[in-house]
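J.: Need a 3D model of the following:
(4 chains)
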Number of protein chains: 2
Amino acid sequence: MKKITMQDVALKAGVSKSTVSQYINNRFEFMGASTKLRVEAAIKDLGYIPNQVAKSLKQKKTGTIGVIVANILHTFSTEIIRAIEDECERNGFHLFVCNADDQPEKERAYIDMLVAKQVDGLIIFPTNGNYDYYKQLKNAEFPIVFVDRMINEAIFPTLLLDNESASRIAVDQLVKKGKKKVGLVSTSITQHVTPRIERINGYKKAMAEYGLEIEEDWIIAQDKQEIGNRLQHLWDSANRPEAFFATNDLALIELLKFIKKNGLSIPADIGVIAIDDSPFLAIATPPISVIRQPTFEIGQDAAHTLLELIGSKDFKEEYEERRYLPILVERESV
Amino acid sequence: MKKITMQDVALKAGVSKSTVSQYINNRFEFMGASTKLRVEAAIKDLGYIPNQVAKSLKQKKTGTIGVIVANILHTFSTEIIRAIEDECERNGFHLFVCNADDQPEKERAYIDMLVAKQVDGLIIFPTNGNYDYYKQLKNAEFPIVFVDRMINEAIFPTLLLDNESASRIAVDQLVKKGKKKVGLVSTSITQHVTPRIERINGYKKAMAEYGLEIEEDWIIAQDKQEIGNRLQHLWDSANRPEAFFATNDLALIELLKFIKKNGLSIPADIGVIAIDDSPFLAIATPPISVIRQPTFEIGQDAAHTLLELIGSKDFKEEYEERRYLPILVERESV
DNA sequence: ACCACTTACTAAACCGGTTTAGTGCGAGGA
DNA sequence: TCCTCGCACTAAACCGGTTTAGTAAGTGGT
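T.: Residues are numbered from 1 along each chain as shown, chains lettered A, B, ... in the order given. Next comes the predicted model:
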């Protein structure tokens, strides 16, 4: 693996590497017509590909951004990533994608790694636990955009779902179909993850507005291994819900497993609605109603916002928190 | 965003940057105990993070590899990526993941980009159309591993499923349950993609061995938008299959949509078996039997093989083609 | 007192580009 | 004829690290 360098091209074309560099950067006004042709030929002959690492070092930019998702297992994450990728591609940027696996230490290690690799900016689904570190990056004027979750201060632009509206829509749907005893299934809230907290709050508010009782037992917010047991326990008790609102796709899968195991029929025995869609939900039996997040829009906006931040010189003290409206997809499960 | 450099640390600690460099690389034998402490303090005080780009330039290695998947929409692709990621993480490597979208030109552009970014090696799901370019990279001794698909010469290590065995298992299952009229649903084969071709051949061989007739009409290998129409057309004709073998997840989704639309019941009206699993298939109604690929193993081996290739100096003329055994997951759809 | 040897450290070249200041030359103007 | 200017091009510094060769000071042996 002996690599061709600009010097090799220069030698072959009989010019200096400065001229080759100008050629590579399409600044043809710095050379004569015949020189241009000779350089062109030399590059093609040698199969020269410029070394981006050298270029990045000198120019102090890599054309690369880092994305750290809290948990890659959510379809929400993968869809956002895809949208970010598209927007970056359009602007000649490339991506390092990292999965923090909901662990703040992992997140921190990835931030360090990405900063060391000189990414031009970061899109982070923040875990709760690196506030000081974010603050430090803020001071260094490092461009960052937060997605899906908020931290206590809006030190960077933050894009996320209007979670309370999503919950309201879910409760509306269920109530409209006569389900007054509504339970909720969520993954664990021990880490105070924004969307889960807000969705639970939204659910409580909506229930209260309908004058419906909220049984604390009906709110299951556990690690996914535990959800099945809790559901079973609740189901076996005297006071069961008639419907469940699953606040994300992982919670929904656990809910569906439980329903399958108990041979229940949707929506007759139990109504179901969830946040986050998947191609399989449309062809499930019955098709599951969901509340979609505008993932494409969020991802694209996140990338766009970050690229703007990278391009601008003035850093603000505070940034806006942008909320996105959820989209109801009515199918046959409520 | 004013970055701290090694020079800043050196100044603050009152040493030369050579010494700081030695410290960063844990070569403490090159400095006295007190110096070590001063450097340590300076690094912490300044929050210094070494610039990997500069390091990469000098050392001619980036600790980064590129992965180009043919089509990211297959769960197979995402699972392989996850396994590659794990193995790389364990070895301190990072990943650029690119989606060629089944287009050779896109693939080529990504290869160029990744080579320019000085990745240490590539894992490619090759599209058919860049043979000459692969050959060129081979001559330059650039480390590459192919996954999922073969090209006509084994110029790089190639890891893929034993596709004919997978088809045999599928036919076995269907026949065992009395389904003798077996159709096949695949995505398009106009690009001669290895797994699709081999799975169709395997299906034909297996059917022949059972002495079962193969109707060319029963083999649907089309772009996914077309699959539904073809299925409907076939179903409306006089001579329908009693079961379908879907050769990948995208084909399966189209098949299930068709089944849903026609209100057919699985397996009574129509038996179904597919290659590639997904969490939803286990909770589908009825649960769908599948043939899993050992994605974790393939991905891990691919990464391991590549890292070995990167570490070694001697390049072989030819490399082995490694085949992986498919795994049957019996559920209730046949 | 002198030499050899270790210890602790530094200077400077190097990686492969980019970029700025500058040079040699021929043409045009006074 | 001399001066100025623009054209075509180059030399060299620079980006931020790594690495090698080298040096100054101190130690121990004879």
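
J.: Distance of A:Gln103 relative to A:Gln191?
T.: Computed with CB to CB, to the nearest Å, the distance linking A:Gln103 and A:Gln191 is 10 Å. From N, CA and C alone the C-beta is placed, and that goes for glycine too.

J.: joint contacts of those two?
T.: Taking CB atoms under 8 Å, 6 or more residues apart in numbering or on different chains as the contact criterion, the common neighbours of A:Gln103 and A:Gln191 are A:Thr127.

J.: Write out the residues of chain A neighbouring DNA strand D.
T.: On the criterion CB under 7 Å from any atom of the strand, DNA strand D has as its neighbours in chain A the residues A:14-19, A:22, A:29-32, A:34-35, A:54, A:57-58, A:60.

J.: can you pull the contacts of the spatially closest residue to A:Gln52 that is not a sequence neighbour?
T.: Counting by CB to CB, 6 or more residues apart in numbering or on different chains, the nearest residue to A:Gln52 once its immediate chain neighbours are dropped is B:Ala116, at 4.4 Å. Each residue near B:Ala116 by CB under 8 Å, 6+ apart is listed here: A:49-52.

J.: Show me the helices in chain A, by range?
T.: Assigned helices in chain A, in chain order: A:6-13, A:17-24, A:33-46, A:52-59, A:75-90, A:104-116, A:131-139, A:163-176, A:194-209, A:224-236, A:249-261, A:279-282, A:295-311 (criterion: DSSP state H).

J.: Mean pLDDT lowest where, among those helices?
T.: For those, the weakest mean pLDDT is recorded on helix A:279-282, namely a mean of 89.

J.: need the residues of the stretch 101-250 of chain A near DNA strand C, please.
T.: So the stretch 101-250 of chain A never meets DNA strand C (CB under 7 Å from any atom of the strand).

J.: what residues does the stretch 101-250 of chain A put near chain B?
T.: Taking CB under 8 Å from any CB of the partner chain as the measure of proximity, the stretch 101-250 of chain A contacts chain B at A:112-113, A:115-118, A:136, A:140-143.

J.: separation between A:Thr62 and chain B?
T.: Applying CB to the nearest CB, to the nearest Å, one obtains 7 Å for the distance of A:Thr62 from chain B.

J.: circling back to that earlier point, quick one: which of the helices of chain A is nearest B:Lys177?
T.: Using CB to CB as the measure, helix A:249-261 is the one of the helices of chain A that comes nearest B:Lys177, at 21.9 Å.

J.: which strands and helices sit next to that closest one?
T.: Other elements packing on helix A:249-261 under the criterion 3 or more CB pairs under 8 Å, 6 or more residues apart in numbering or on different chains; DSSP states H and E are strand A:182-186, helix A:224-236, strand A:243-246, strand A:271-275.

J.: Now distance to B:Glu320 and mean neighbour count too, for the ones you listed, in TSV please.
T.: Formatted as TSV, the entries for these read as follows, by distance: least, CB to CB, whole Å; neighbours: other CB atoms under 10 Å in any protein chain shown:
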stretch	distance to B:Glu320	mean neighbour count
strand A:182-186	48	26
helix A:224-236	40	15
strand A:243-246	47	30
strand A:271-275	46	26
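
J.: So for B:Phe96, which of these sits nearest?
T.: helix A:224-236 (30.5 Å).

J.: and A:Ala70, how many neighbours?
T.: Under the neighbour criterion other CB atoms under 10 Å in any protein chain shown, A:Ala70 is assigned a count of 26.

J.: Verify the stated contact: it with A:Phe146.
T.: No - proximity of A:Ala70 to A:Phe146 does not meet the contact threshold set by CB atoms under 8 Å, at 10.8 Å.
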